[in-house]
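Asker: With the input below, show me the fold.
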Amino acid sequence: DVQPTSADANRYLGEAYLQIKKGSKAVGYLNQAIKLDPIGKADLHLRLATLYNAAGMKDKAAIEYEEFLKKKPDYPDSKKLRDYIAANKK
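Answerer: Numbering: from 1, shown residues only. Next up is the predicted model:
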């Protein structure tokens, strides 16, 4: 059974779509997982940023990195992410 209110179920569905190279289908599930558990699933912003960057959508990737850093400001590579944001956010 699908559990639409489960952050984990949405994450796993999103990850499954990424595994079969269906990134456009993964985005909705990953975003829903973040919506259901914003702090617990904050790392999904990194997954989305990687996906957007690979697709050449650097401005969207920058937004995802920014959202991640709002939730995890002490991230060890935060400077690297901030540099990316500064270079790519429109």
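Asker: C-alpha only now, for contacts and for neighbours.
Answerer: Will do.
Asker: Quick check, residue 36 in contact with residue 4.
Answerer: No - because the distance of 9.6 Å does not satisfy CA atoms under 8 Å, residue 36 is recorded as not touching residue 4.
Asker: where are the low-confidence patches of this protein?
Answerer: Residues of the chain meeting the criterion pLDDT under 70: 1-3.
Asker: Kindly provide the distance from residue 30 to residue 12.
Answerer: For residue 30, the distance to residue 12 under the criterion CA to CA, to the nearest Å works out to 8 Å.
Asker: In terms of neighbours, single out the busier of those two.
Answerer: Higher neighbour count among residue 30 and residue 12: residue 30, with 25 against 15, using other CA atoms under 10 Å.
Asker: Hmm, that one is touching residue 43, no?
Answerer: No - in terms of CA under 8 Å, residue 30 does not count as a neighbour of residue 43; the distance is 10.2 Å.
Asker: Now for the residue nearest the centre of the chain: which residues touch it?
Answerer: Centre of the chain computed as the mean C-alpha position; nearest residue by CA atoms, centre = their mean is residue 45, 2.3 Å away. Applying CA atoms under 8 Å, 6 or more residues apart in numbering to residue 45 gives the contacts 34, 64-65, 67-68.
Asker: Those into a markdown table, with extra columns for distance to residue 82 and neighbour count?
Answerer: Converted to a markdown table, the contacts of residue 45 look like this (distance: CA to CA, whole Å; neighbours: other CA atoms under 10 Å):
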| residue | distance to residue 82 | neighbour count |
| --- | --- | --- |
| 34 | 21 | 21 |
| 64 | 11 | 24 |
| 65 | 8 | 25 |
| 67 | 11 | 16 |
| 68 | 11 | 23 |
